[in-house]
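Participant: my questions concern the predicted model and sequence given below.
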Amino acid sequence: RNVMRGFPVSSLAKEKRINVHHYLSQVEQAFQEGLQLRSTLFQLLKIAFDEEVSSDSIETFRKHIHKVNHSTSVFTAFAYTGQSTYTPPQMTHKSKENLSLRQFAK
């Protein structure tokens, strides 16, 4: 039986690894690892990974969640960003220290 739940990834507040055997002792399947995700919207997700899922895949999943949660720009924080391209402006000047407004304007 699969249960589908979700919340906006940007509302993710806390992530914790959990021992799945304690929570799912009545299930006959063997789960190796689990995550508990808590959001600021008062949602709690407990995710259990099957023994066929490698530890590298779980770590990649965690890193991808954090990458989406802490986006590098405001343009990647909204839906449908794959349809538009945004290149951040590049600041080009020789020295970054001790710039005045007049030097910065050049």
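Facilitator: Perfect, I can see it now.
Participant: hang on, residue 65 in a helix?
Facilitator: Yes. Under DSSP: H, G, I helix; E, B strand; the rest coil, residue 65 sits within a helix.
Participant: pretty sure it contacts residue 10?
Facilitator: No. Using Cβ atoms under 8 Å as the test, residue 65 is too far from residue 10 to be in contact (10.7 Å). The way it works is simple: take the backbone N, C-alpha and C, and place the C-beta from them, glycine included.
Participant: partner strands of the strand ranked longest in the chain, with direction?
Facilitator: Among the segments of the chain that qualify as a strand by DSSP state E, the longest is strand 31-39. Pairing partners of strand 31-39, with direction, according to DSSP bridges: strand 12-18 (antiparallel), strand 44-50 (antiparallel).
Participant: list the buried residues for the last one?
Facilitator: Read that as strand 44-50. Across strand 44-50, burial judged by 16 or more other Cβ atoms under 10 Å covers 47-49.
Participant: same check, this time on the first one
Facilitator: Using 16+ other Cβ under 10 Å as the burial criterion, the residues of strand 12-18 that qualify are residue 12.
Participant: mean confidence score for it?
Facilitator: Averaged over strand 12-18, pLDDT sits at 83.
Participant: and the contacts of it?
Facilitator: Strand 12-18 is contacted from outside by 33-40, 46, 62, 65, 69, using Cβ atoms under 8 Å, 6 or more residues apart in numbering.
Participant: CA-only coordinates of the longest strand of the chain in CSV, if you can.
Facilitator: Output of strand 31-39 as CSV, limited to C-alpha atoms (Å, rounded to 0.1, in the frame of the first residue of the first chain):
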residue,chain,number,x,y,z
PHE,A,31,13.6,-1.4,5.4
GLN,A,32,17.2,-0.3,5.8
GLU,A,33,16.9,3.4,6.5
GLY,A,34,14.4,6.2,7.0
LEU,A,35,14.1,10.0,7.1
GLN,A,36,11.7,12.2,9.0
LEU,A,37,11.0,15.5,7.3
ARG,A,38,9.2,18.3,9.3
SER,A,39,7.8,21.4,7.6
